[in-house]
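> my questions concern the predicted model and sequence given below.
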Amino acid sequence: MSTPKPVKTTSASAAKASKLLTLVSSRLRVTLVDRRVLVGTFLAFDGHMNMVLSSCEEQRTTEAREEGGLVRESTMRRALGLVILRGENVVSVTVEGQAPVEKRQKAAGQTRGVVQG
């Protein structure tokens with residue numbers, strides 16, 4: 001039985017991972033391939049860009065043609081809750097709001113140990 005070889009990460013993928021790590025606990029707007037937009041709190045990701053969002057809301061923009069050739073756009077919203085997104089469906093990610101400093105430090109492992117008793 002052979003031992004598995006360690007997976008090497010390129011500097012580009014490591015840079016993406018470190019950038020995303022700073023966004024954990026932030027409020028993100030994620031645009032999908034089918035033009036839906038999801039807004040939620042960023043909890044986790046992996047190497048395939050799969051993402052986990054909590055307190056997520058879906059926003060869909062629809063167009064309706066009325067008499068006279070006018071086009072009316074309407075936005076529909078619905079609450080989804082906890083969502084796991086497949087990375088290949090993600091087109092863009094935008095920060096809606098930064099996480100509190102305390103949460104960002106915890107995500108990056110930069111907190112000081114405090115004895116509680």
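Sure thing, it's come through. Numbers count the residues shown, from 1 in each chain.
> contact partners for residue 29?
Residue 29 is in contact with 37, 38, 39, 93, 94, 95, 96, counting by CB atoms under 8 Å, 6 or more residues apart in numbering. (Each C-beta comes from the backbone N, C-alpha and C, glycine too.)
> confirm that the last one sits in a strand.
This means residue 96. Yes - checked against DSSP: H, G, I helix; E, B strand; the rest coil, residue 96 lies within a strand.
> quick revisit: so among the contacts of residue 29, which ones count as buried?
Neighbour counting with 16 or more other CB atoms under 10 Å marks 37, 38, 39, 93 as buried within these.
> now, among those residues, which is nearest to residue 17?
Of all those, residue 93 has the smallest distance to residue 17: 13.5 Å, by CB to CB.
> what helix or strand does the closest one sit in?
If you go by DSSP states H and E, residue 93 is part of strand 90-97.
> show me what that strand pairs with in its sheet, parallel or antiparallel.
Strand pairing for strand 90-97, determined by DSSP bridges: strand 27-32 (antiparallel).
> export the partner strand to PDB, keeping only CA atoms.
Presented in PDB, the C-alpha positions along strand 27-32 are these (Å, rounded to 0.1, in the frame of the first residue of the first chain):
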ATOM      1  CA  ARG A  27     -21.900  39.700   5.200                       C
ATOM      2  CA  LEU A  28     -21.400  38.800   1.500                       C
ATOM      3  CA  ARG A  29     -23.300  39.200  -1.700                       C
ATOM      4  CA  VAL A  30     -22.800  36.200  -4.000                       C
ATOM      5  CA  THR A  31     -23.900  36.300  -7.700                       C
ATOM      6  CA  LEU A  32     -24.600  32.900  -9.200                       C
END
